[in-house]
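Visitor: model this:
(one chain, ligands or ions: 1)
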Amino acid sequence: MEKVLNPEVLTNNYTVQVATTEHIPLADAICFEMEESAKARGTGIAKRSPQYLRDKMQEGKAIIALDDEGQFIGFCYVETWEHGKFVANSGLIVKPEWRKYGIAKAVKMRAFELSRTNYPDAKIIGITTSLAVMKINSELGYEPTTFSELPVNDAFWNGCKSCVNYDVLTRTERKHCLCTGMIFDPEWEKNKAKREEEALKEKQEKHEKWNFLKDVKVLERLKSIKEKMFLRMQMRKVKRQVV
Ligand SMILES: CC(C)(COP(=O)(O)OP(=O)(O)OC[C@H]1O[C@@H](n2cnc3c(N)ncnc32)[C@H](O)[C@@H]1OP(=O)(O)O)[C@@H](O)C(=O)NCCC(=O)NCCS
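Guide: Model prediction:
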């Protein structure tokens, strides 16, 4: 029977960290949960062996969420493709009784941070049918993309072989499937910063120019008013002298 948890404990009492060798004994439980959840959803999460997860933990390429007894409650791992051009934060799983408390979000955020630190120039990608994952990815700055923007190498797509929809993917020659592709491109951030800097510079230049021109116009108007006044005063003076 599943453990019934107090919601207050759920919201407060867990930790999220980069998994270490200390967590290796938890790999079987994580794998079991992945398989159960794939069965329940009727779709697939790329099937991974406990040894694959153990390797990820050993390499410091996995994120684990633990309850206060040190038991696994959430997990995901980092994979690279095409010599580090692409990074995927895959195999996201949260134990059923811990779902909808922000644990997946916390795990994905930590995996995203780890990926950005270790592979700052890599595109971070994912394919998913999960609305929760799409929401989390969007918050992290991913955008939906076509499969043509994802890695071309077979190793990436082989992960889909355990999915019940794999025939759709092969029939469409990897152009479409039920999953949505999502991507975060670090170039966007660089370009965004560059664009913002350029826009600010342009605005400052325009602002200075605009002020200058505006001031000249004001000065010209003032000068002309003064000249007219002075002229009128002179005329009156001349008139008075004539009289
Ligand atoms: C998908 C999964 C990881 C979500 O875990 P979770 O801890 O419940 O997710 P969170 O609580 O962090 O929720 C993140 C966001 O998704 C939303 N969400 C969570 N579950 C959802 C669901 N079933 N349907 C729609 N939205 C959902 C949350 O409301 C939250 O949105 P918000 O920030 O706007 O409030 C979990 O349900 C799971 O392990 N499912 C089975 C495995 C799986 O599908 N993995 C993904 C493979 S790509």
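Visitor: which strand or helix spans Leu178?
Guide: Using DSSP states H and E, Leu178 sits within no helix or strand.
Visitor: which ones are touching Glu143?
Guide: Contacts for Glu143 (Cβ atoms under 8 Å, 6 or more residues apart in numbering) come out as Met182, Ile183, Phe184. Just so you know, the C-beta spots here come from the backbone N, C-alpha and C atoms, and that holds for glycine as well.
Visitor: gap between the last one and the ligand?
Guide: I take that to be Phe184. 15 Å (Cβ to the nearest ligand atom, to the nearest Å).
Visitor: now that residue: phi and psi?
Guide: Per-residue torsions, Phe184: phi -120, psi 120 (degrees, to the nearest 10).
Visitor: my read: it touches Glu139, true?
Guide: No - with contact defined as Cβ atoms under 8 Å, Phe184 does not reach Glu139; the gap is 11.0 Å.
Visitor: who has more neighbours, the two?
Guide: Legend: neighbour count by other Cβ atoms under 10 Å for Phe184 and Glu139, higher for Phe184 (22 against 12).
Visitor: which strand residues bridge the more buried one?
Guide: Ile124 (DSSP bridges).
Visitor: list the contacts for it?
Guide: By Cβ under 8 Å, 6+ apart, the residues touching Phe184 are Phe112, Lys123, Ile124, Ile125, Asn137, Leu140, Gly141, Tyr142, Glu143.
Visitor: Cys76 should be in a strand, yeah?
Guide: Yes - per DSSP: H, G, I helix; E, B strand; the rest coil, Cys76 lies within a strand segment.
Visitor: need the contact list for it.
Guide: Neighbouring residues of Cys76 by Cβ under 8 Å, 6+ apart: Ala62, Ile63, Asn89, Ser90, Gly91, Leu92, Ile93, Val107, Lys108, Ala111.
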